[in-house]
Structures are given as structure tokens and as C-alpha cells.
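1. task: produce atomic coordinates for the following.
(chains A and B)
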Amino acid sequence: MKKLVVIGAGMASGRVLEHLFESAPDAYEVTLFNAENRGNYNRIMLSPVLSGEKSYEEIVTHDEAWYAANKVTCRFGEHVVGIDRARKVVIGQNGEVPFDKLLIATGSAPFIIPVQGKDLPGVVSYRDLDDTEAMIEAAGTRDAKAVVIGGGLLGLEAAAGLRLRGMDVTVLHLMGHLMERQLDEAAGYLLKRDLEKRGIRVITRASTAAILGEERVEGVLLEDSTGLKADLVVMAVGIRPEARLATDAGLETGRAIVVDAQMVTSDPDILAVGECVEFDGNLFGLVAPLYDQAKVAAATLLGEPSAFVMRETATKLKVTGCDLFSAGDFAEKDGREDIVYRDPGRGIYKRLVLEGEKLVGAVMYGDTADGGWFHGLIKDQTDISEMRETLIFGPAYQGGAALDPMAAVAALPADAEICGCNGVCKGRIVEAIEGGAHSLDDVRAVTKASGSCGTCTGLVEQVLAVTLGDAFELPTAKPVCGCTDLTHEDVRRLIKAQELKSQPAVWQELGWKTPNGCHVCRPAVNFYLLADWPLEYQDDPQSRFVNERNHANIQKDGTYSVMPRMWGGMTNPEELIAIAEAAKKYGATVKVTGGQRIDLLGVKKEDLPAIWADLNGAGMVSGHAYSKGLRTVKTCVGSDWCRFGTQDSTGLGIKLEKRLWGSWTPHKVKLAVSGCPRNCAEATCKDVGVVCVDSGYQVGVGGAAGMDVKETERLVDVATEEEAIEWTVAFVQLYRENAKYLDRPYKWIAKVGLDWVKEVLSDPAERAALVGRFDISQSVYQKDPWAERARPEAARRFLPLADLTLEAAE
Amino acid sequence: MSWIDIGALDDVPLRGARLVKTRLGCVAVFRTGEAEVFAASNACPHKGGPLSEGIVHGRKVTCPLHNWVFDLETGEAQGADDGRIDTYKVRVEDGRVLLDGALLMKGAA
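-> Okay, the predicted model is just below:
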């Protein structure tokens, strides 16, 4: 086998290896050097990692298993010292590696402006995970201030991420408006305004004179003598190709390593791809051409003909809530005409630049849905004279098609590009769908479409919908409600990442569009806050549905039902007498429930505190039959009475109920414990169901018997009661910390996968930590709400504020 | 116009409501802001749900039974639902909530 050495594990070289192993897995024996002590990950997604919207694990593109499966020798964390072309070896810090072919993919290095103080601790660039982690750490200090030098793509993404982390952020930009290479002045202004709304200060025409500080960075001084305090300075003014190894080895270089259309350098056995190359005088910074280069390089390595062609690239900014798009050339020149659309109220700006009959540039801000279509017109040099009048309104207005995004997607030709990063056209996606890829993940796995920056995810889903028709259900990446564009998952992550501990903080920091939410988001946010910050956040009764606020279930006539807890479904004569007396006294209808308890229906609101006091008096507490929390633990009589019982199922049920009652969860939680596999307690359709067997306890999760019917799946088999309780509590806490509000466990498990749940819970330390956090929450919330509200000062609130019927009669 | 003192502002929770019984039926008093209150009929025109038990947001309330949303300034149902609740004059003075007495006079007449 021939030997291939790759220097640098970046987006480009990772892609070369993928193509190589796909077409000819046994062609090369590969050694991969990386100066960073880790393998390939998706660098485009560093911004979501910085903002806390994603974790590092989520952006890894190739893990250890992948390298092992493809027999790649990984030399991570090792710098390459030199290339000896005569002997055909690469010299690493830890020794030489011979090669038949060499691929240089050293990428680029941040450009550091040569000012005083540039080497102080606290001055970082924004290129890799180490930089990102340094920034996250700096953001951890209270009231920390950051100055970002550079208002281009990278700098703004860094600024937005640091702001989301709670830092006080100022962006310094040398030019007159932000992102001047991609945006015109008007769009730059809208962007600046939106960033300022998010609390990011932007100073344009700001030239940095010096970075100040003794031991570490303390501030930034501008040429006009303005001084800014800073605990962190991020340099994001640009990049320069990393071509030193090639220069030292005597390869031809200009501004970068010179390659031909086959990605071969001046040495026929040495190839280069990515940000370190120069082709036809061009340098590269965006990912789409890098992936094209990777495809060509892989072909060249396999001796197949292929040639790299420059394409138009488009830009999108990955800052949640700032939608901008730019493509092509929009400089003002003779013979060019503009079509401009502005809606200042909605912050929308669109500008198309025409040259003759063709579209040559597009800048959009606020509404970028048609960006891909305009980009296509630019690339294909389509004659637009026929549609010029309605061009700016996008594809929906062309050819009389309905104003429907689906119709627009359906109308796209097969060679229309959907995923710019990976160069995937609609035809390829349709092919994949027809070949059996029926979900977004499947399409991603087969075609890579939407797998890099992810901004075309919506388009890919539309192609799925158009191709599959009704068979495709759009995944639920829907916003919580009309008050925000964020999804439940985003809100949960940001509450944790930004340490938001009150509802006003959530509304403010996450940009709620309403003054204080609505009946949809308020209960969800209230739950997320109390689940994540049990000690700091105070539960808000006004953000709860009536049942949870009044601790009873409202009925259609406005009366309530009252249901005391019966631990594990066990009761006794005294309790039954108290229930019977209460039923008589308050005129309640009595119903035996499916959860092994007794329901008292038809109680008036003003009587609630009194009936609670009566039931409390007999030793009973709230059954929480009204809550998104633990409801019942149904049991059978188990080994106490039953001739088949293998364990004390009643006893375990009571222990579980005593441990879990009072806790709030994303949706209701029902448990059951059966004493043998005959399963009389119907444990296999509960959120958590335990089936006792001779050898111990089978813990199943994710059952349902409501709108959907589903059997539980086995979480674990354990030998002792203590373990069964520990696993159950840890599972409930994991569910509390991660699930979307109003997702029952089975729905949540379907999203995260049972394998993930098992993986987390199988770590004893993780299990113990989850149980610990559950117990902290219980120290606050495991209190009988009835007893608290039966006290006279609280009971008063269950009466009318005033009764004017008497006064009026006077 | 005569105003009737129906209770302390602090007894109406912020973004919550309390009930006032009158001879014309139950009136709900909503507290939408620190010192901002609205009064309206307690009964949802849809199925009679008690609006004083709904979630109060902005200057709106959502009925606890079937999520109809009403604008408290106009009494109009929002969105696709069609209906209206009567609204009454109410104001805050020195931490007390005052309801328009005309409501009671009608009842007494």
C-alpha cells in the first residue's frame, strides 16, 4: 500500500480523507498530523459552541472510531518540523514518516495586528477550539468585559457568542461599516443596529493604537485616545495562509502555496488544499470552495481526472436573530443598476445589483429566505429581463406560482444548488430520498447536504416534503410560541449557558417580542427555571395553569376535583372514613381512578382550603393529580399476599412515591411496580415501570397509554431495591433537566435516543450527581401544597376579593 | 361617578386576577402591571370558563378551559375566535382598587 501523509486535520483535509476512503479504502496507508491535540471537527460551528448553543461533542466530524476503522495513524498534538522532499519524509517532533504522496492542509493563522501589548495574556484569536475555550473561560467571570477587534464575519460571531455568555462586549471596526466585504452600507447599518439592540457596542472607524496591561490585558487604547476597559481582547481582523512548511521545503509560493487545478503543488507528489493554497491568484476562506478542492484532491490522489473551478460563493452570518445574506459583486460601477426594497419597520433590506440582463450581486438583511435562489441566478448568469419587475420579491412571484415556499422548492430545477457548503444540488438530494433516505439525518448522512453550517436545513426539509409528500413530517424545530423565534431546546440551553435565573432575564436576554410572554411560553419558562435553578429561582404561580396554581383540577363547570395521595395505592379504614366524611360535607361525587386512588369531584373553589385541612387532619397530602409532576405509583400486592409475587412490589412502589412526590417535571410522570412478569400493575405502559423478577428488578422507561400507546423499553436490570430507586430517580432528573416542556418521557426519549439515556445513566458518578441534584430540588419542592394553602392567610386568596351583592342591595 | 373600594392592590397578584361578586354576576379584576388593573366579566363567552383563573400576559388573559385569548382593553377575543367580554371601569388610587359604582347601581335598580 502506498503511504499518504496529511499535515493538518481541518475541514478540507477531513473531506479529502472521506472521499478517499469512500472510493478506494485500500489505496493508501494514512498518517494524519495535527498541531491541535484532537482530530477533525466542524470549525464553522465554533460560534454556536461559543454561544452555548452547541457542545464540542456535537461538532466533531470524525471521532476515534472513524480513524480506527480507516486505519489512520493519528499524530495529534505533534508539530511538523519540516518536509524533506529529497528523501520523501515528513519530520515530526517525534520522528520521521516516509510518504509516497503528501497533502498539506495547514490552513491559516490569525493575523495579529502588530501593536504594543499583543502578546499579553488575555489576548486571543478565534480560530480553534482552544481559543473558544479560552473565551468561554473569560466569560465566566462576573461583569467581565470583552473587546473584539474586527467587525467581519468571525469577529461578529465571536462578539455575539460572548454577549450571549453575559459579557459586556465592544466591537472595534476599522472601516466605516460592518462586514464591508460582504455588505453595503445600508445593510451594515441594519446589522449594527441589531447588534446594538442585543447589547453589543459597535465602534466603526476605530483604529487600535495599543493593548494595555501589566500582568495581563486590562484595556485597549484607540488612535483617537479613547480608552476601553477589557478583560479579554479577541483579534479577528483577518487570516493569513499558513505556508511556512511549504516555503521552507522550497515549494512555489506566492501569498500562499501555489497549486494547479488538480491541487498539485510545484512538486508532483505534494498536494495542498484549503486556506493555505493559492489558485489562479485567489485565496480561500469560506468552506464551499474548500470542499470542492477536497473532492479534486481525492481524485488526483487516486489518479482520476478532475479539475477545480472557481465558483461564486455566498455568505451567511451565524448569529441567531441577525439574518443576512450576500453573494456576488455589489460595488457601484458604470452600467450597473440597483433594485432596492426597504421596510424599515420590519428591519428588512434587499438590494439586487444588475448588469445588463443579468444579476451580479445580492445583499439581503432581515429576510434571507430567497438568498439561495438569487445566488443561483448569479452563478448561472440567468437572463432576468423577463422577471425584472417582480425579481426582488423572489421565486414565489415568478411564473404565477403561488406564494408558497414549497411551490418555490418544487419549481427548482434538479441542478439547483441547495447546500452551498457541500455543493449538493436538488437532484442529488431527490436521488438520495428516492434511494430510501426519508429523514433529514438520513439525507445528511448520504449527501452531506446541510451537514456543515446548517443554514440550508430548512430547504433540505422542503425538498424532503416535496419529494415524499404527506409521508414526510417536518421535524419539530418550531419556536416555543409567537413571543420568540427560539425553540424549546434553544431556550433550555441558553438558560443554562447564560445562567438566566428569572423570567425577566429570559425575556430580556433572549429577546422576547412580548412584554411578559403568553400562556404558552410562561409555564414552560417557569418550569425550565425552577428545574435548572431550584435554589435561586422562585416558582411563579401566575405562570402556571389554573390546576397547578390552585392545586386541584378544574372541571367544565368551574368546580374542582380533589384527590389525596394513596402511597402505592394502599389505604386504610381511617383514611377512607375521612374521605367519606369530606365527600358528604362538601357534596362531592366520588370516583375511583385508574391510578389506584379516590377522586372527589365538584368541590367549589372557596371550599378547597377547608377540604384540604380536613384531609390533612387525617394524615393525607395532595395527590398532585393536577400537576406536571409525579402522579401515582401503581402497584400490585406483590410477595406480601400474592402466590406468584417475587418481590415486595408494594413496598418498592411506596418508597419510590415517597422519594419522588412533589417534584415538577416537563409533563406528568406515572410509575408502576409489578411483583412478577404477569404485570398486574401494568408497569409496561408507564413512564417508568418496574417489573420484579426472581433475580431482581427490570426497570423500563418510556411507556405510554394515552393518546399514543407504547410499551416501555428496558433501561436496566438491577439486583437490589436501592439500585432500582437510584436508577429511577436519576432517570427522572435527567428527564427534568433535558426534556422539552410538555414532552412525556417517551417523546423525549424518541428525540435523544434511549442509547444516550443509557450511556449517561450507566456512569455511576453521573447517576450519583443526578440523584444529588434531584435531592437539592426536593429540599425546596417536596412540601405538601395543601397544608401551605389551608393556612388562613393563604386560604383568603381562594375567596372573592369583594362581595358587592350585599352592598348593592342596600 | 361613584367609585367603590374593592380591596388592596397587593391582594391582586401581579399578572394574576381576583374575583368580585356583583349582582350582575362575577367580575374579574386583572393586574397586568405594577399599578395597572382591568376589570371584565369573569365568564368566557365560549363555555363559561372562569377568566380570573387564566394566565395574564401583556394586557390579555387566556381562558383556562380552552385557551381563548381576550384583550382586556376592548374585551374582544383575539385570533380566530369570535366573541367579546364586557369590560368595566376600574382604577388604582393609593394602593386601593376602585371599581365603577355604576355597575352596582344597575344591579340594584
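2. now residue A:31: closest residue in space that isn't a chain neighbour?
-> Excluding the flanking residues, the one nearest residue A:31 by Cβ to Cβ, 6 or more residues apart in numbering or on different chains is residue A:73, at 4.4 Å. Glycine gets a C-beta too; all of them are placed from N, C-alpha and C.
3. just confirm that neighbour contacts residue A:30, I think it does.
-> Yes: Residue A:73 lies in contact with residue A:30 (Cβ atoms under 8 Å); the separation is 6.9 Å.
4. any chance you could map the helices in chain B?
-> Ranges of helices in chain B, per DSSP state H, are B:102-108.
5. re the thing from before, so residue A:73 and residue A:30 - more neighbours on which side?
-> Neighbour count, other Cβ atoms under 10 Å in any protein chain shown: between residue A:73 and residue A:30, residue A:30 has more, with 24 against 13.
6. just grab the bridge partners of that one for me.
-> Beta-bridge pairing for residue A:30 (DSSP bridges): residue A:4.
7. quick check: it touching residue A:71?
-> Yes: contact criterion Cβ under 8 Å: residue A:30 and residue A:71 qualify, at 7.4 Å.
8. confidence score at residue A:401?
-> Looking at residue A:401, its pLDDT reads 43.
9. same deal with residue A:808?
-> 47.
10. burial of the nearest residue to residue A:131 once chain neighbours are set aside, as a residue count?
-> Once flanking residues are discounted, residue A:131 sits nearest to residue A:124: 5.2 Å by Cβ to Cβ, 6+ apart. Neighbour count of residue A:124, defined by other Cβ under 10 Å: 22.
11. need the three-state assignment for the closest residue to residue A:55 other than its chain neighbours.
-> Excluding its sequence neighbours, the residue lying closest to residue A:55 (Cβ to Cβ, 6+ apart) is residue A:49, at 6.8 Å. Three-state call for residue A:49 (DSSP: H, G, I helix; E, B strand; the rest coil): helix.
12. I'd assumed residue A:132 was in contact with residue A:49.
-> Yes: Residue A:49 lies in contact with residue A:132 (Cβ under 8 Å); the separation is 5.6 Å.
13. quick one: residue A:6 is in a strand?
-> Yes: the assignment for residue A:6 (three-state DSSP) places it in a strand.
14. quick check: longest strand of chain B.
-> Using DSSP state E to define each element, chain B has its longest strand at strand B:25-33.
15. got the buried residues for that strand?
-> B:26, B:27, B:28, B:29, B:30, B:31, B:32 (16 or more other Cβ atoms under 10 Å in any protein chain shown).
16. now narrow those residues to whatever sits close to chain A.
-> Contacts with chain A within the buried residues of strand B:25-33, as defined by Cβ under 8 Å from any Cβ of the partner chain: B:26, B:29.
17. identify the residues contacting residue A:266.
-> A:251, A:252, A:258 (Cβ atoms under 8 Å, 6 or more residues apart in numbering or on different chains).
18. so what's residue B:88 up against?
-> B:27, B:39, B:40, B:99, B:100, B:103.
19. any idea how many residues pack against the spatially closest residue to it that is not a sequence neighbour?
-> Nearest non-adjacent residue to residue B:88, counting by Cβ to Cβ, 6+ apart: residue B:39, 4.2 Å away. The tally of other residues near residue B:39 (other Cβ under 10 Å) stands at 23.
20. who's in contact with residue A:245?
-> Contacts of residue A:245 by Cβ under 8 Å, 6+ apart are A:7, A:80, A:82, A:83, A:104, A:106.
21. where's the residue nearest to residue A:55 relative to chain B, distance?
-> 34 Å (Cβ to the nearest Cβ, to the nearest Å).
22. count of residues packed around that residue?
-> By the criterion of other Cβ under 10 Å, residue A:49 has 22 neighbours.
23. gap between it and residue A:158?
-> 11 Å (Cβ to Cβ, to the nearest Å).
24. quick one on the thing from earlier: so who does the residue nearest to residue A:31 touch?
-> A:29, A:30, A:31, A:32.
25. and residue A:140, by the same measure?
-> Taking Cβ under 8 Å, 6+ apart, one finds residue A:165 in contact with residue A:140.
26. who touches stretch A:384-403?
-> A:339-341, A:350, A:352, A:354, A:357-359, A:369-370, A:373-374, A:377, A:404-405, A:407-408, A:411-412.
27. who's in contact with the closest residue to residue A:231 other than its chain neighbours?
-> Of all residues not flanking residue A:231 in the chain, residue A:144 sits nearest, at 4.5 Å (Cβ to Cβ, 6+ apart). Going by Cβ under 8 Å, 6+ apart, residue A:144 touches A:138, A:167, A:168, A:231, A:232.
28. surely the second one is in contact with residue A:139?
-> Spelled out, that is residue A:167. Yes: Residue A:167 lies in contact with residue A:139 (Cβ under 8 Å); the separation is 4.9 Å.
29. quickly list what's touching both of those two.
-> Contact criterion Cβ under 8 Å, 6+ apart; residues shared by residue A:167 and residue A:139: A:146, A:232.
30. now intersect the contacts of residue A:266 with the strands, please.
-> Taking DSSP E, the ones among the contacts of residue A:266 that sit in strands are residue A:258.
31. buried subset of the contacts of residue A:266?
-> By neighbour count, with 16+ other Cβ under 10 Å, those hold A:251, A:258 as buried.
32. closest one of the contacts of residue A:266 to residue A:56?
-> Nearest to residue A:56, judged by Cβ to Cβ, of the contacts of residue A:266 is residue A:251 at 33.8 Å.
33. measure that closest one to residue A:88 for me?
-> 14 Å.
34. same question for residue A:750.
-> 53 Å.
35. out of these two, which sits in the more crowded spot?
-> More crowded of residue A:750 and residue A:88, by other Cβ under 10 Å: residue A:88, with 17 against 12.
36. quick one, phi psi at the more buried one?
-> Residue A:88 adopts backbone torsions of phi 50, psi 60, taken as degrees, to the nearest 10.
37. quick one: it and residue A:101 touch, right?
-> No: taking Cβ under 8 Å as the definition, residue A:88 is not a contact partner of residue A:101, at 9.4 Å.
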